[in-house]
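Chemist: sequence first, then the predicted structure, then my questions.
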Amino acid sequence: MDNLILAWITLSCVILPVTGSSSCPSNICECRELEIASRMETEVRCNTGSNRGYVPVFRSFEPFISSLYLSGVELTVLGNGSFRELSGVREMYLYDNYLIRIESQAFSNIDHTIETLDLQHNKLRNLDFLTTHDFPRLRQLLLRDNELVSISPESFVLVPALENLNLDDNHLQGKLNFLQHPSLKGLFHLNLDHNDLENIDPEDFLYLTNLKRLLLSRNQLRSIDFLRHPIFRQLYGFGAAHNLLETVEPSIFADKHLLKWIELSNNLLTNVTFLASCGLRRLEEIYLSANRIKSLPEKSFQATTTLIIVDVSRNELETLPRCALQPFYTQLFMFDISQNPMQCNCQIAWLQDKRRDIHTEKQSQCANLEFLSTDEYEIDDCEALIPCSPTSGCSKYSVGVLENDQQEPYETTEMTSSDASTKTVATYMVTFLVTLCLT
C-alpha cells in the first residue's frame, strides 16, 4: 500500500529545477522542486555525493524544504543547531546511519513543523532529545532497529499529535511506562515487534484510547491475557507471531467486535477454540501457520461470515470441518492448508471445485497415500454429503453491540496483506493453494 501511495505521489508531481533564492549545496545534495496539489515544495537528498559524517550547511530556501534526506551518510552525532538555517521541514529522513546521540537542540527551528521523523537503523540508546524539543505536529516517529533497552516516561510529553510509533527491533523489556502519558491519546499504530518483552501490563496502555493496531511479534510472550482489558476493545488489528503462546482463551476476544485481523503464526498453539468467540463477528483475516494445531472445531468461525483470508498452513491438520467452513468458503481470497498431513478421503472431497479425481503428486499433502502419480482417489465413490445442521451462531447482543453500532472511526494507511492490490491477485489463491495440497 505504501508503494502504491508513493507511486501516486510521484506521478502527481511536476519536477522543476530549483530556482529563485534557493541555495542547494549541489556538490553533495540533489535538490528539486515538486508541485504537489498545486503547491510548490522542495525535496533535498543529501545521501549521494561526498558528504560523510556531517550535516551540510544549508542556507535559506524558497520555497521551504518539505522533505530532507540525510540517510546513509555515516552520521554518528547530530549536533545542536544542525538545521538552524532551515524552516518549514515536514519530513526528516535520517535512517541508515550510525547515530549514537542526538543533542538537546539538534532540531531547533524545525521541530515545530516536522510531521515525519525517520531514525530507523541507527544506534540510539535513548530518546532524551524528544524532551527538549516541541514537536506539536509530529505524527510519525520511526525508530526501528536501534539499541533502545528502556525509554524514559517523559519522552513523549511534547508529541501530542503522534499517531504512528514504530519501536520494532530494539531491546525493550519490562514495563512500558513511557506510554503512560495523555499526550499519546491519539496514537493509532504501535509496533513493538522484535523486542525482549515477556509480559504486557495493560495499565501501561490506559491513555491509548484510540489504539487500532498493536504489533507484538517476535517477543517472548507466553500469554496474551492482557487483551481482556477494556482498553483494547477498539483494536482492529493484533499481531503476536513468533512468540511462545500455547493457548488462547475464547473470552479474550469476547468484546473485540472491531477486530479485523489476527496474526498468531509461529507459536505453540495446539487448538483454536478462540475462533468460536462471538466477539469476532467482523474478523476478515486469520493467520495461524506454523503452530501445532490438530483440528478445527465444528463451531469455528460461528461468529463471522466476513472471512476472506485463512492461513492454517504448516500445522498438524488431517481433515477440515466442512460445516464450519462451507458457509464462507466460496468468498475466501486465500485459504492456505499447505504442509499439513491431510487424509485424502471423502471427508475433504467437498474442497474440490469440480467433481474430479484427487491425484497425489510430490507436492501433495495426502498423508495416507504414497506419492506416486498413479495414486488417485475417486470422489465419485463418495456418498452424498449429509446436510449441515444449522448452528445457533451468535446474536448481536452476545457480543455486547447494539444494532445501530458504528464502524471503527479510523484505519491507518498501513494495511496488512489484504490491501487493495493484494486482494486483486488473491482472488485466484483459494483454488491454487487447495489444489496444490490435494491434487
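Modeler: Perfect, thanks for sending it. Residues are numbered from 1 along each chain as shown.
Chemist: what sits against the nearest residue to Ile151 once chain neighbours are set aside?
Modeler: In space, not counting the residues next to it along the chain, Ile151 is nearest to Phe178; the distance is 4.0 Å by Cβ to Cβ, 6 or more residues apart in numbering. Yep, even glycine has a C-beta here, placed from its N, CA and C like the rest. By Cβ atoms under 8 Å, 6 or more residues apart in numbering, the residues touching Phe178 are 150-153, 155-156.
Chemist: could you rerun that using 7 Å?
Modeler: Residues in contact with Phe178 (Cβ atoms under 7 Å, 6 or more residues apart in numbering) are 151-153, 155-156.
Chemist: I'd like the next helix or strand past the helix-or-strand element of the chain with minimal mean pLDDT.
Modeler: Within the chain, no helix or strand scores below strand 14-16, which has a mean of 32 by mean pLDDT, DSSP states H and E. Next helix or strand after strand 14-16 toward the C-terminus (DSSP states H and E): strand 30-36.
Chemist: circling back: by neighbours, which of the contacts of Phe178 wins?
Modeler: Neighbour tally across those (other Cβ atoms under 10 Å): the maximum, 26 neighbours, falls on Phe156.
Chemist: now do the SS call for that one.
Modeler: coil (DSSP: H, G, I helix; E, B strand; the rest coil).
Chemist: now do it, the pLDDT please.
Modeler: At Phe156 the predicted local confidence, pLDDT, stands at 96.
Chemist: for it, list the residues it contacts.
Modeler: 130, 162, 178, 181, 183-184.
Chemist: which of these are buried? Put it as a PyMOL command.
Modeler: Burial among these is assessed by 16 or more other Cβ atoms under 10 Å; the matching PyMOL selection reads:
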select buried, resi 130+162+178+181+184
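Chemist: can you pick out the ones from the contacts of Phe156 that are in helices?
Modeler: Using DSSP state H, no member of these falls within helices.
Chemist: now, among the contacts of Phe156, which is nearest to Pro390?
Modeler: Checking the contacts of Phe156 against Pro390 by Cβ to Cβ gives Leu184 as the nearest, at 46.1 Å.
Chemist: the closest one contacts Ala161, doesn't it?
Modeler: No. With contact defined as Cβ atoms under 7 Å, Leu184 does not reach Ala161; the gap is 10.2 Å.
Chemist: and for stretch 271-284, what's in contact with it?
Modeler: 248-250, 252-262, 288, 293, 296-297, 299-304, 306-309, 394, 398-399, 418.
Chemist: now do the same end-to-end measure for that stretch.
Modeler: End-to-end distance for stretch 271-284, by Cα to Cα, to the nearest Å: 20 Å.
Chemist: returning to that earlier point: greatest separation within the contacts of Phe178: which pair is it?
Modeler: Once Cβ to Cβ is applied, the contacts of Phe178 give Ser152 and Phe156 as the farthest pair, at 9.4 Å.
Chemist: pLDDT below threshold where in this protein?
Modeler: Where the chain drops to pLDDT under 70, the residues are 1-27, 35-40, 47-54, 56-63, 352-381, 391-393, 395-439.
Chemist: go again with 80.
Modeler: Low-confidence segments of the chain, defined by pLDDT under 80: 1-29, 33-42, 47-64, 302, 305, 326-330, 343-385, 389-439.
Chemist: how about the helices in it?
Modeler: 2-12, 322-329, 420-426, 429-438.
Chemist: can you give me the strands in the stretch 101-250 of the chain?
Modeler: 101-102, 116-118, 140-142, 164-166, 189-191, 213-215, 237-239 (DSSP state E, counting those that start in this stretch).
Chemist: do I have it right that Leu385 meets Trp350?
Modeler: Yes. Using Cβ under 7 Å, Leu385 makes contact with Trp350 at a distance of 6.3 Å.
Chemist: give me the buried positions along stretch 285-302.
Modeler: Buried residues in stretch 285-302 (16+ other Cβ under 10 Å): 285-291, 293, 295-296, 299-302.
Chemist: got it, and stretch 109-119?
Modeler: 109-111, 113-119.
Chemist: with stretch 194-206 instead?
Modeler: 194-195, 197, 200, 204-205.
Chemist: and if you look at stretch 229-243?
Modeler: Buried residues in stretch 229-243 (16+ other Cβ under 10 Å): 231-243.
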